[in-house]
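In: predicted model and sequence below, questions to follow.
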Amino acid sequence: MSTSPDLVPAHALDAADPLAAHRDRFVGAEQPLVYLDGNSLGRPLRVTGERLRSFVDEEWGGRLIRGWGDVGEGGWMDLPLTLGDRIARTCLGAAPGQVVVGDSTTVNLYKLLHAAAALRPGRTEVVLSADDFPTDRYVAESVARERGLHLVWIEPAEPTTGVTDDEVAAVVGEQTAVVLLSHVAYRSAAIAPLAAVAEVAHEVGALVLADLSHSVGVLPVQLDRTGVDLAVGCTYKFLNGGPGAPALAYVAARHHAGLAQPVTGWMGHADPFAMGPGYEPAPGVRRLVAGTPSVLSMQPVADMLDLLDEVGIEAVRAKSVALTTFAADAGRRLLPDARLGSPADPERRGGHVTLLHPRMREVVAGLWQREVLPDYRDPGGLRLGLSPLSTSFAEVEAGISAAAEVLAGLA
Ligand SMILES: *Cc1c(COP(=O)(O)O)cnc(C)c1O
């Protein structure tokens, strides 16, 4: 008789999990609190405390202003590009020299939407999804206003499984400058078919700007191979960089020659310390740097990249699939009145799972009172963010059991 995967208990899955021991490397993982929001703010690694302490004592306190160095000297000036290259190699499948770290995802969207429009002069439309994260939609609205562009909205027919390349193909044309799309949808976790989207966009000469906020660090991204032109993403979610850690921005090398962005600060100048009379962009993606880099906030990201290099992004993805599959099964078993708001096929699903029920807002409020921390996302979504290296199967089971109890107790 074969055993249904639903019936394998959480503790047995934890016992058999080759990555289980890594959980102890995160601050607070030993506490009873159930943390299901690692896709909004990853837990800190214990080594990050040590790294920050020694950064203060040795680099900041010891090197002082000398720490910056000049471009190419290996000091803080180089960090936006060297950390960018590390993220590119470990998580993004991107060759060196195409990623910078700096500013927020919001600001990088602003820079890259302008850059995309400038790379496609004369074209009048930006295509985006009504399901895109709010900041993406809001920034697109203002860039469109500033450049006299028109927004073309895709309303995904099936929000649970996300935007399809057919839906993109139906609206792109010779007026499309850029298609803006999340790689993993923030509510449903649906994975967008980036390579297929890039193909239909490129057929009409349009560019693709992908938001990787919910995929970087949890889902291997083959950015160079997909043909995506530009990308942005957060480092405080699955890269555990800490609150407000600076974001990434990617521009494929083939677009570097004509690349122009609107925040033309001194740190993106070809020779910042010459303090010359006019702006002259640095070569390549360095010109995306605007002002002084957030050196302190970049430190923790390096710790998570060390761990991802040790474990391997493919192994992280395998655990992620196991966790989201377990969560979907546990949801079916323990919350039979709820509906899966994420793709049922794990190949189409990112690192989180959403369970839908009309009373989830109240359920999530009750869970926070019990030290169970998931997220709520309208409409009626209990969103379980399952950071693979810091989340156990037992934690998922405890969280969904608690949700069932809270729901049963509602009048
Ligand atoms: C989290 C998230 C953001 C956040 O942007 P910030 O500028 O860091 O606030 C943007 N886009 C997506 C898709 C996100 O999931």
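Out: That came through fine. Numbering: from 1, shown residues only.
In: what segments of this structure are strands?
Out: For the chain, the strands defined by DSSP state E cover 34-35, 99-101, 125-129, 150-154, 176-182, 207-211, 230-233, 248-251, 339-340, 352-356, 372-373, 375-377, 381-385.
In: residue ranges with poor pLDDT in the stretch 101-250 of the chain?
Out: Low-confidence regions of the stretch 101-250 of the chain, defined here as pLDDT under 70, do not occur.
In: let's see that with 90 instead.
Out: 159 (pLDDT under 90).
In: tell me the residues of it that contact the ligand?
Out: Proximity of the stretch 101-250 of the chain to the ligand is assessed by CB under 6 Å from any ligand atom, with 104-106, 133, 135-136, 182, 186, 211, 213-214, 234, 247 identified as the residues in range. For every residue, glycine as well, the C-beta is placed using N, CA and C.
In: picking that back up, now mean neighbour count too, for the strands of the chain, in TSV please.
Out: Formatted as TSV, the entries for the strands of the chain read as follows, by neighbours: other CB atoms under 10 Å:
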stretch	mean neighbour count
strand 34-35	24
strand 99-101	28
strand 125-129	24
strand 150-154	15
strand 176-182	26
strand 207-211	26
strand 230-233	28
strand 248-251	28
strand 339-340	16
strand 352-356	28
strand 372-373	21
strand 375-377	18
strand 381-385	26
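In: for these, give me JSON lines that also has distance to Val321.
Out: Below are the strands of the chain laid out as JSON lines (distance: least, CB to CB, whole Å):
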{"stretch": "strand 34-35", "distance to Val321": "20"}
{"stretch": "strand 99-101", "distance to Val321": "26"}
{"stretch": "strand 125-129", "distance to Val321": "24"}
{"stretch": "strand 150-154", "distance to Val321": "27"}
{"stretch": "strand 176-182", "distance to Val321": "19"}
{"stretch": "strand 207-211", "distance to Val321": "21"}
{"stretch": "strand 230-233", "distance to Val321": "20"}
{"stretch": "strand 248-251", "distance to Val321": "24"}
{"stretch": "strand 339-340", "distance to Val321": "15"}
{"stretch": "strand 352-356", "distance to Val321": "11"}
{"stretch": "strand 372-373", "distance to Val321": "23"}
{"stretch": "strand 375-377", "distance to Val321": "20"}
{"stretch": "strand 381-385", "distance to Val321": "14"}
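In: for His11, which of these is the nearest?
Out: His11 lies closest, by CB to CB, to one member of the strands of the chain: strand 34-35, at 14.9 Å.
In: what helices or strands is that closest one leaning on?
Out: Of the remaining helices and strands, those touching strand 34-35 by 3 or more CB pairs under 8 Å, 6 or more residues apart in numbering; DSSP states H and E are strand 372-373, helix 393-409.
In: tell me what the last one is packed against?
Out: Taking 3+ CB pairs under 8 Å, 6+ apart as the contact definition, the neighbouring helices and strands of helix 393-409 are helix 10-16, strand 34-35, helix 313-334, helix 360-369, strand 372-373, strand 381-385.
In: much appreciated, bye for now.
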